[in-house]
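# Could you look at this predicted model? Sequence included:
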Amino acid sequence: EADIYQTPRYLVIGTGKKITLECSQTMGHDKMYWYQQDPGMELHLIHYSYGVNSTEKGDLSSESTVSRIRTEHFPLTLESARPSHTSQYLCASSERGHQETQYFGPGTRLLVL
Amino acid sequence: DQQVKQNSPSLSVQEGRISILNCDYTNSMFDYFLWYKKYPAEGPTFLISISSIKDKNEDGRFTVFLNKSAKHLSLHIVPSQPGDSAVYFCAADGGATNKLIFGTGTLLAVQP
């Protein structure tokens, strides 16, 4: 099982603040992903990366940005938080290759007031 | 248009009985399917997967069945335990991109 960590676990913040959600994995996985999930809904892919200096937007449009400077680290940044950004953010990673299982971190639950 | 559908939002089962969770998909290009278990304030935990070249995969109490002609898969849990109570997500791998498409989940409640 992959070791993948997310901080903070919970965040309450005011509108207009800049926030960075951290995600790190210790398995040396090349691929990393960010998903967004609202209660009772499916997970939606918002960003993914196939390796260092590689980032792509996912299927769900998001105002967030990501970076991949190191293999193990894939932070997500919101420049100016809004109440519509309130959600659960889930980071995942997988090996390079076809039909590889994605392993998820514990998630960050964000509330923007 | 949802490509992966879990039509039962919830399921209640008695402890010791079988739980059957269902999932339908529309895209015949999907070739790898996964089931995840999720508690409300946590990330999804991988349970079991199946490749499209198989029709069954078993791991302990969990078995996944794949019917490609019907574009349907199911997760069987037997015997069900109270600790199995959680939301179960079905996911399909879209192919070369390794992007997962998730269903909306089924809330399983196992009654003692």
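That came in fine, so what should we check first? Since the structure is predicted, the reported quantities are computational estimates derived from the model, not experimental observations. Residues are numbered from 1 along each chain as shown, chains lettered A, B, ... in the order given.
# And the helices in chain B, which stretches?
Counting by DSSP state H, chain B has no helices at all.
# Pick out the least confidently modelled helix or strand of it, by mean pLDDT.
Sorted by mean pLDDT, DSSP states H and E, the helices and strands of chain B end with strand B:100-102, the least confident at a mean of 92.
# Mind giving me the packing neighbours of it?
strand B:86-93 (3 or more CB pairs under 8 Å, 6 or more residues apart in numbering or on different chains; DSSP states H and E). The way it works is simple: take the backbone N, C-alpha and C, and place the C-beta from them, glycine included.
# List the buried residues for the strand it packs on?
B:Ala86, B:Val87, B:Tyr88, B:Phe89, B:Cys90, B:Ala91, B:Ala92, B:Asp93 (16 or more other CB atoms under 10 Å in any protein chain shown).
# From the residues you listed, list the ones also adjacent to chain A.
B:Phe89, B:Ala91, B:Asp93 (CB under 8 Å from any CB of the partner chain).
# May I ask which of the residues you listed comes out lowest in pLDDT?
Checking pLDDT across those, the minimum falls on B:Asp93 at 90.
# That one pairs with what?
Using DSSP bridges, the bridge partners assigned to B:Asp93 are B:Tyr32, B:Leu100.
# For stretch A:68-87, output the C-alpha coordinates as CSV.
Provided in CSV are the C-alpha atoms of stretch A:68-87 (Å, rounded to 0.1, in the frame of the first residue of the first chain):
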residue,chain,number,x,y,z
ARG,A,68,5.7,19.1,-9.8
ILE,A,69,9.2,20.1,-9.0
ARG,A,70,10.1,16.9,-7.1
THR,A,71,8.8,13.4,-7.8
GLU,A,72,7.4,13.0,-4.3
HIS,A,73,5.6,16.4,-4.0
PHE,A,74,2.5,17.7,-5.8
PRO,A,75,1.1,20.8,-4.1
LEU,A,76,-2.2,22.5,-5.2
THR,A,77,-2.6,26.2,-4.8
LEU,A,78,-5.6,28.5,-4.8
GLU,A,79,-4.5,32.1,-5.3
SER,A,80,-7.8,33.6,-4.0
ALA,A,81,-10.1,31.3,-2.2
ARG,A,82,-13.9,31.6,-2.6
PRO,A,83,-16.9,29.9,-0.9
SER,A,84,-17.4,27.9,-4.2
HIS,A,85,-14.0,26.2,-3.5
THR,A,86,-15.4,24.6,-0.4
SER,A,87,-15.0,20.9,-1.0
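# That stretch and chain B in contact?
No. Shown here: stretch A:68-87 not in contact with chain B (CB under 8 Å from any CB), separated by at least 13.0 Å.
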